[in-house]
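[1] sequence below, structure please.
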Amino acid sequence: MIEGTIVKGIGGFYYIKAEGEVIECKARGKLRKDKIIPMVGDKVSISIDPSTGKGSIEEILPRQTELLRPPVANIDQAIIVFSIKNPDPNLPLLDKFLVRVEKEALEILICVNKADIDIAENFDLIKNIYSKAGYVVLNTSTKTGEGIDFLKGLLKDKITVFAGPSGVGKSSLLNAIQTNLKLQTGEISEKNKRGKHTTRHVELLELEFGGWVLDTPGFSSLDVETIEKDELQHYFKDFLPLLGQCKYQSCIHLYEPECMIKKAMIAGDISKERYDSYIQLLEEIQKTKRRY
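    You can find the predicted model right below:
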């Protein structure tokens, strides 16, 4: 048997990069029987049928990280891409992305794309809020090349997922990083100024300078049913230094007196935008739990 990495999965077929080539494989019946579903990014052991050159996945090696929607494994870091305009930045949605990725304990970079559109106040707003929260915020443009070389340095020798709403330029960014990727780029709907999805399946793309990237569809909603209301606070990075310091141990920073998170927000140490996103998500979680 040989070991490789799943780079693509479509319709029950898995494409494994192993020993310098990509091999088409199917999962062994034992894996299906045990309801073990291979994911893009999985490290696997495969056997090859010499008569066809095709293979079978015999074993999935232990995963370091795992995302369920989209189903990808062994990611090192996430680049969350939003745009300065077209579509306008949606901070509550950005916070949803951050919560999803924080839950998986991945390294995170926030990439504000379309820097060639000269709306400095939009970038400054995002940078001020999220730098204060402890994130690296990068400004990029595929038209001028701003930030592209710095981004390449961050991607080298790592497996990186690119995430963000449609229309913000994820595929264009990846094409700028490596031109032979030739990913389809989308158009912005004139009616609602939102993007149209261009990525149809999850695929691991190899970078010629070392590393892998994923441009993933379906990464725009938060599965709130998987998070408990008292768990959410742990996925807001700027809350972490103050957790456990409120008057009540069960404080979820909503209506409780002597709440250190609310005090920090009033003092300006935590941005009101971040706190409002937390409350919005908390209410969404509570509403979801009541339905079950």
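[2] so Cys246 is in contact with Pro257, correct?
    No: applying Cβ atoms under 8 Å, one finds Cys246 not in contact with Pro257, separated by 9.1 Å. Yep, even glycine has a C-beta here, placed from its N, CA and C like the rest.
[3] so what's Lys262 closest to, chain neighbours aside?
    His253 (6.0 Å; Cβ to Cβ, 6 or more residues apart in numbering).
[4] what about the one you found, distance to Ile36?
    Look at His253 and Ile36: by Cβ to Cβ, to the nearest Å, they are 39 Å apart.
[5] who has more neighbours out of these two?
    The neighbour count for His253 versus Ile36, taken as other Cβ atoms under 10 Å, is higher for His253 (24 against 15).
[6] you'd agree that one is in a helix?
    No: counting by DSSP: H, G, I helix; E, B strand; the rest coil, His253 is not found in a helix; it is coil.
[7] got the phi and psi for it?
    Geometry field for His253 lists phi and psi as phi 70, psi 40, criterion degrees, to the nearest 10.
[8] any regions of the stretch 151-292 of the chain where pLDDT drops low?
    Applying pLDDT under 70 to the stretch 151-292 of the chain flags residues 182-200, 215-225, 290-292.
[9] which stretches of it form helices?
    Secondary structure of the stretch 151-292 of the chain (DSSP state H, counting those that start in this stretch): helices located at 170-177, 260-267, 272-290.
[10] what's the closest of these to Lys96?
    Taking Cβ to Cβ, helix 272-290 is the member of the helices of the stretch 151-292 of the chain nearest to Lys96, at 6.9 Å.
[11] most packed of the helices of the stretch 151-292 of the chain?
    Highest mean neighbour count of these: helix 170-177, a mean of 23 (counted as mean count of other Cβ atoms under 10 Å).
[12] now do it: distance to the chain's middle.
    16 Å (Cα atoms, centre = their mean, to the nearest Å).
[13] next one: stretch 155-171
    8 Å.
[14] now do the same end-to-end measure for it.
    Taking Cα to Cα, to the nearest Å, stretch 155-171 runs 15 Å from one end to the other.
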